[in-house]
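1. kindly generate the corresponding structure for this input.
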Amino acid sequence: MQKSAGTPTPWYKNRWPWLLMAGPAIAVVAGIVTFRLAVVTADDLVVDDYYKRGKDINLELSRDKAAVAMGISAQAMFSDDHHSVRIITSSKQPLQDNLVLQLLHPTKQPEDQTVPLERIADNTYQATIRSEAADHWYVRLQDRAGKWRLQGEWRPAESQAVQLGNPKLEAAE
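-> Got it, this is the predicted structure:
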């Protein structure tokens with residue numbers, strides 16, 4: 001049976017209707033996937049009580065200023081394989097035997113690490129850390145009581161050492 005020139009083919013056998021419907025269909029599927037990702041994955045950057053956290057910033061700065069007043073400074077040196085860290089400190093007052101080092105990922109809270117530092121010599125502390133594949137870390141050094149702290153940023157690709165402290169606070173004093 002041959003088709004005559006005057007017999008039209010059904011719409012679903014032509015490619016143009018399918019190509020025209022593909023755009024909206026892809027947009028609907030992409031919207032569903034995006035909505036699912038938004039619902040399933042948590043956003044660690046948003047704090048529920050952001051107003052209270054904003055007020056707490058002044059309290060947190062007091063710990064940085066306490067470190068400046070005590071004359072505390074430190075340098076963190078990470079091993080080549082990023083499995084250990086050594087901290088060299090200087091201070092007007094003697095420091096505790098045990099300090100706390102925090103490695104904070106900027107966006108992924110589950111990757112944050114809090115490790116106790118053990119004194120291995122005068123003004124020198126050491127710890128073993130988990131090696132995480134991240135390009136950027138916030139580094140905090142503080143005493144166990146939380147009376148003072150030093151902060152810095154570490155980019156493993158750029159350097160193995162980090163100077164901890166806030167030069168802006170030191171200049172303001």
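2. switch to C-alpha atoms for all contacts and neighbour counts from now on
-> Fine.
3. packing partners for the lengthiest strand in the chain?
-> In terms of residue count, the longest strand belonging to the chain (DSSP state E) is strand 113-121. Applying 3 or more Cα pairs under 8 Å, 6 or more residues apart in numbering; DSSP states H and E, one finds that strand 113-121 contacts strand 98-104, strand 124-128.
4. adding mean pLDDT, write those out as a markdown table.
-> Formatted as a markdown table, the helices and strands packed on strand 113-121 follow (pLDDT from 0 to 100):
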| stretch | mean pLDDT |
| --- | --- |
| strand 98-104 | 90 |
| strand 124-128 | 91 |
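5. any chance of those in CSV with mean neighbour count as columns?
-> What follows is those, written out as CSV (neighbours: other Cα atoms under 10 Å):
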stretch, mean neighbour count
strand 98-104, 20
strand 124-128, 19
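6. closest to residue 82 out of the ones you listed?
-> strand 124-128 (8.9 Å; Cα to Cα).
7. so the closest one versus strand 98-104, what angle?
-> Calculated by axes from the mean of the first three to the mean of the last three Cα atoms, to 10 degrees, strand 124-128 forms an angle of 50 degrees with strand 98-104.
8. strand 124-128 to strand 113-121, inter-axis angle?
-> 140 degrees.
9. so what touches strand 124-128?
-> Residues outside strand 124-128 that contact it (Cα atoms under 8 Å, 6 or more residues apart in numbering): 83-89, 115-120.
10. cool, and stretch 134-143?
-> Contacts of stretch 134-143 (Cα under 8 Å, 6+ apart): 96, 98-106, 148-157, 164.
11. wait, doesn't residue 64 sit right on residue 149?
-> Yes - here residue 64 reaches residue 149: they are 5.4 Å apart, a contact under Cα atoms under 8 Å.
12. more neighbours: which of these two?
-> residue 149 (26 against 21; other Cα atoms under 10 Å).
13. list the contacts of that one.
-> With Cα under 8 Å, 6+ apart, residue 149 has these contacts: 63, 64, 66, 67, 140, 141, 142, 143.
14. can you give me the buried ones in stretch 136-152?
-> For stretch 136-152, a neighbour-count test (16 or more other Cα atoms under 10 Å) marks 136, 137, 139, 140, 141, 142, 143, 148, 149, 150, 151, 152 as buried.
15. just the CA coordinates of it, formatted as CSV?
-> In CSV, the C-alpha atoms belonging to stretch 136-152 read as follows (Å, rounded to 0.1, in the frame of the first residue of the first chain):
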residue,chain,number,x,y,z
HIS,A,136,40.3,26.5,51.9
TRP,A,137,40.0,26.2,55.7
TYR,A,138,39.5,28.6,58.6
VAL,A,139,41.9,27.7,61.4
ARG,A,140,41.2,28.6,65.0
LEU,A,141,43.5,28.1,68.0
GLN,A,142,42.1,28.6,71.5
ASP,A,143,42.5,27.5,75.1
ARG,A,144,40.2,24.8,76.5
ALA,A,145,38.2,27.4,78.6
GLY,A,146,37.5,29.5,75.5
LYS,A,147,39.0,32.7,77.1
TRP,A,148,41.1,33.6,74.0
ARG,A,149,41.5,32.5,70.4
LEU,A,150,43.6,33.1,67.3
GLN,A,151,42.2,32.8,63.8
GLY,A,152,43.6,32.5,60.3
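16. cool, thanks, signing off.
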